[in-house]
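A.B. asks: Fold the stuff below for me.
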Amino acid sequence: MGTSLLYSFNALAEIKITGKAEAEYIFQDVESEAEGQLSLDTLQVTPSINASLDTRTFRGFWSGSLTHLERDKVDNSRTDTFEEYSYSLVWQPFDSFLQIEGQGALSYQNTNANNYLVSDFLNNSDSLSKTRSNRISALANFDRGNWVQAQGGIAYADVASERSTLNSGQALDNNTFELFGGISNGDSIQRVLWQLDGAYINTDRAQNNSDEFITRSGDGFIDIAVVKSFGIRLTAAHEANQVSDRDDTSSSTRKFNSYGMGLFYRQSEDRYIAVTANSSDSDLDEDDDETFIGLDFKWALSPRTNLSGSYGRRFYGEAASFDASYNSKYLRTTLSYSEDVTNTSRLLANPQNLGVFVCPATTVSIADCFQPSSLTYEPDASEQLVQLTSQVIEFDDNIIVRKSTNFQAGYDFSRLTIALTSRYAEDDYLDLERLRRTYSLGTTLVYELGSYTNISTEITYANITQRSDQDDLDGGTDNWRGNIAIQREVGRYLTAAIDFTYVDQSGDIATGVGLFGNNYSDRRISLSVIYKYQ
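C.D. replies: Okay, the predicted model is just below:
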């Protein structure tokens, strides 16, 4: 939207510079069990600038914003300023053989899972932590070999945050180094197929007495065809998760190995299923010498519908993964279930993205987004695939087994755009008696009333429950967030909007209690004017 500064050089590069300034008046009516009835007036001013560069081999984007708030209420006033930026780049100097990627951000993250949906610059801003993350990776791909094909990469990430006022955990200051790769048979081999994958991840946790969190993993299989599409599969896997002091004076390792044999049925590269009987070798007595069934499958029901998944065991017990996607011209859906041994820094440095909408990189509203008609659409430098929900994390950086489900669906046709989202996460703390479960469900609807006017509504619900041997961490909370907004374009550069928002929290977890307590409702009316410049 707006006009653009557009430059071309060498007939191959395109630079775009855009800007936006938003002024917003917000009235809040808060009913709090702890604070009583409150009325607040806030003036918010947010200028932002964006720049993108797109060439044949390079795509880069940078966005920066500054949010200034002046708040008045009966007994005192408050002024806050929040600066944020994000960037991404992709460089392919040798077509598909080598790709260098970088992404990072400075943002304010919710540090307490109990305040998911309800913490923002207006409510619980003391629960937000100023967080910086950067990640750079290099990927090499050799997929044209007749006998052997290989791919691999290296990545480095750093995550640092300030301690928030309400966060009982520690500020983050971590670096993560990754090596990953795989090798498999080439296209000329038909009767014996094989593949070997591996990864090494080392997270240096400076805030935890300089200890290291190291993950090593590897798995492979050999498929030997016997009769047409049927054959014998041999498989093996290794996983080790180690926490050690930098000087190796103490160390704790959870290691799990398995190997097995079974049958497979294969029609093509994207249509196969394999079942194996496996035996385990583990450092943990309860998982040593166990026999279990393993499943590995990938099945394309059509060019638009794909299923894949696996089932087996890891050091913590039964383990599974599943992915499903459906893409058509107007409807796109993705569903993913995964299990990972991880921590907060790794989740922040490399988050999962199952976006089904293509949006300008500066927007968070699907009113400005679209669904591409092509199944192989590649966003340009100023676009990104967007999922409309964020992951729920706690800024304690303990090592957890996270079992998570993420569902995203989007429909876009004519004047109507609809998004449905659902998330589930179970975080089991390996070194603590603590378990957290988070459920969230949301829907967003946008309808174009005319060429210059649209109405949008959004509602999201989250339930967070925790079990812990610490009384102040034990309990649950129900959080709601909903809004309805009307936007009207006034001329080429100006947009006016009115927004009604409702936020509600009710819970009994004693930690991370925010500005209005943990039982309150917040009703907001906001009027805003947005000037866009390109």
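A.B. asks: May I have the beta-bridge partners of the residue with the largest distance to the centre of the chain?
C.D. replies: In terms of distance from the mean C-alpha position of the chain, residue 227 ranks first, at 43.1 Å (Cα atoms, centre = their mean). Note on residue 227: beta-bridge partners by DSSP bridges are residue 230.
A.B. asks: since we're on residue 32, how many residues are nearby?
C.D. replies: For residue 32, the neighbour count with other Cβ atoms under 10 Å is 18. Where you see a C-beta, it was placed from the backbone N, CA and C, and this is true even at glycine.
A.B. asks: shouldn't it be in contact with residue 516?
C.D. replies: Yes - proximity of residue 32 to residue 516 meets the contact threshold set by Cβ atoms under 8 Å, at 4.1 Å.
A.B. asks: Name the residues contacting each of these two.
C.D. replies: Both residue 32 and residue 516 are contacted by residue 38, under the criterion Cβ atoms under 8 Å, 6 or more residues apart in numbering.
A.B. asks: Low-confidence regions, the stretch 301-450 of the chain specifically.
C.D. replies: Residues of the stretch 301-450 of the chain meeting the criterion pLDDT under 70: 361-365, 375.
A.B. asks: show me the contacts for residue 466.
C.D. replies: Residues in contact with residue 466 (Cβ under 8 Å, 6+ apart) are 113, 114, 434, 435, 436, 437, 473, 474, 475, 476, 509.
A.B. asks: By neighbour count, which of the residues you listed wins?
C.D. replies: Going by other Cβ under 10 Å, residue 114 tops these with 32 neighbours.
A.B. asks: In terms of helix, strand or coil, where does that one fall?
C.D. replies: Assigned with DSSP: H, G, I helix; E, B strand; the rest coil, residue 114 falls in the helix class.
A.B. asks: Provide a list of residues in contact with it.
C.D. replies: Listed by Cβ under 8 Å, 6+ apart, the contact set of residue 114 reads 464, 466, 477, 507, 509, 511, 512, 518.
A.B. asks: Residue 436 is in contact with the first one, correct?
C.D. replies: Yes - in this structure, residue 464 is within contact of residue 436 by Cβ under 8 Å, at 6.9 Å.
A.B. asks: Quick check: residue 372 vs residue 255, distance?
C.D. replies: Here the criterion is Cβ to Cβ, to the nearest Å. By it, residue 372 lies 44 Å from residue 255.
A.B. asks: one step back: and which of the contacts of residue 466 is nearest to residue 338?
C.D. replies: Comparing the contacts of residue 466 against residue 338 with Cβ to Cβ places residue 437 closest, at 15.8 Å.
A.B. asks: Quickly find the element holding the closest residue to residue 122 other than its chain neighbours.
C.D. replies: In this structure, residue 122 finds its nearest non-sequential neighbour in residue 42, 6.4 Å apart by Cβ to Cβ, 6 or more residues apart in numbering. Taking DSSP states H and E as the criterion, residue 42 maps to strand 36-54.
A.B. asks: Could you spell out the sheet neighbours of that strand, each with its direction?
C.D. replies: Strand 36-54 has these strand partners (DSSP bridges): strand 13-32 (antiparallel), strand 58-72 (antiparallel).
A.B. asks: on that earlier part again, name the nearest of the contacts of residue 466 relative to residue 83.
C.D. replies: Ranked by distance to residue 83 (Cβ to Cβ), the contacts of residue 466 are led by residue 113 at 25.1 Å.
A.B. asks: just checking, that closest one touches residue 395?
C.D. replies: No - look at residue 113 against residue 395 with Cβ under 8 Å: they stay out of range, at 9.3 Å.
A.B. asks: Pull up the overlap in contacts between residue 464 and residue 436.
C.D. replies: Contacts common to residue 464 and residue 436, judged by Cβ under 8 Å, 6+ apart, are residue 113.
A.B. asks: which helices and strands sit right next to the helix or strand encompassing residue 138?
C.D. replies: Using DSSP H and E, residue 138 falls within strand 128-142. Strand 128-142 makes packing contacts with strand 98-110, strand 148-161, helix 344-349 when contacts are defined by 3 or more Cβ pairs under 8 Å, 6 or more residues apart in numbering; DSSP states H and E.
A.B. asks: got the ones you listed as a markdown table, with distance to residue 67 columns?
C.D. replies: Formatted as a markdown table, the helices and strands packed on strand 128-142 follow (distance: least, Cβ to Cβ, whole Å):
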| stretch | distance to residue 67 |
| --- | --- |
| strand 98-110 | 9 |
| strand 148-161 | 18 |
| helix 344-349 | 21 |
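A.B. asks: Export these to a markdown table and append columns for mean neighbour count and distance to residue 292.
C.D. replies: Listed next are those as a markdown table, based on neighbours: other Cβ atoms under 10 Å; distance: least, Cβ to Cβ, whole Å:
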| stretch | mean neighbour count | distance to residue 292 |
| --- | --- | --- |
| strand 98-110 | 18 | 37 |
| strand 148-161 | 18 | 29 |
| helix 344-349 | 24 | 27 |
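A.B. asks: ok so, going back, let me see the mean pLDDT of the strand holding residue 138.
C.D. replies: Mean pLDDT, computed over strand 128-142, is 94.
A.B. asks: Just the C-alpha atoms of that strand, please, in PDB.
C.D. replies: Extracted C-alpha coordinates of strand 128-142, given in PDB (Å, rounded to 0.1, in the frame of the first residue of the first chain):
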ATOM      1  CA  LEU A 128       8.000  -8.600  28.400                       C
ATOM      2  CA  SER A 129      11.700  -9.000  27.900                       C
ATOM      3  CA  LYS A 130      13.800  -7.200  25.400                       C
ATOM      4  CA  THR A 131      15.200 -10.100  23.400                       C
ATOM      5  CA  ARG A 132      17.700 -10.200  20.600                       C
ATOM      6  CA  SER A 133      18.200 -13.200  18.300                       C
ATOM      7  CA  ASN A 134      20.300 -13.800  15.300                       C
ATOM      8  CA  ARG A 135      20.900 -16.900  13.200                       C
ATOM      9  CA  ILE A 136      23.100 -17.500  10.100                       C
ATOM     10  CA  SER A 137      23.300 -20.700   8.200                       C
ATOM     11  CA  ALA A 138      25.000 -22.100   5.100                       C
ATOM     12  CA  LEU A 139      23.400 -25.000   3.200                       C
ATOM     13  CA  ALA A 140      25.000 -27.100   0.500                       C
ATOM     14  CA  ASN A 141      23.100 -29.400  -1.800                       C
ATOM     15  CA  PHE A 142      24.500 -32.000  -4.200                       C
END
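A.B. asks: i'd like the first residue to be 43 from this point on
C.D. replies: In the new numbering, first residue 43, that becomes strand 170-184.
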